[in-house]
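Visitor: sequence and predicted structure below; questions after.
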Amino acid sequence: QVQLVESGGGLVQAGGSLRLSCAASGRTFSGYAMGWFRQAPGKGREFVGEVEWSSGTTYYADSVKGRFTISRDNIKNTMDLQISSLKSEDTAVYYCASRQFSTSAYDLWGQGTQVTVSS
């Protein structure tokens, strides 16, 4: 069974840092991209960034550039999201997802992990 499982969310103070992790299992992700999305209360799901699994090349939404860093370990099949200088507007459920690199649609999603930033 192919699945993605996020972990690492929690309650953090504004200005702090947090590292989220996504554990992937069930297949090799060569030829795939894996991404992070977030959904704040009352808002739609927002693209945060992604990594091309084979090369490690990363892309970020303009809104998070400079504070968010995506990395992947293709031996452990994990992807991390390091968030620094946390702001209250980073409060959201964070999801990891995967797509075939040749397509634009993400078709496999994790269950999400809650990040709450207190001011």
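Guide: Everything's here; your move.

Visitor: any idea how far residue 115 is from residue 69?
Guide: 15 Å (Cβ to Cβ, to the nearest Å). The C-beta positions use only the backbone N, C-alpha and C, and glycine is treated the same way.

Visitor: could I get the full set of strands for the chain?
Guide: With DSSP state E as the definition, the chain shows strands at residue ranges 3-7, 10-13, 18-25, 32-39, 45-52, 58-60, 68-73, 78-83, 92-100, 108-109, 113-118.

Visitor: in its sheet, what does the shortest one sit against?
Guide: Strand pairing for strand 108-109, using DSSP bridges, gives strand 92-100 (antiparallel).

Visitor: and the angle for the partner strand with strand 18-25?
Guide: Using axes from the mean of the first three to the mean of the last three Cα atoms, to 10 degrees, the interaxial angle of strand 92-100 with respect to strand 18-25 works out to 40 degrees.

Visitor: quick one, strand 92-100 and strand 45-52 angle?
Guide: Taking the same axes, to 10 degrees, strand 92-100 and strand 45-52 form an angle of 50 degrees between their directions.

Visitor: how much does strand 92-100 deviate in direction from strand 3-7?
Guide: 150 degrees.

Visitor: pull out the buried residues from strand 92-100.
Guide: Buried residues in strand 92-100, counting neighbours by 16 or more other Cβ atoms under 10 Å, are found at 92-99.

Visitor: many thanks, I have nothing further to ask.
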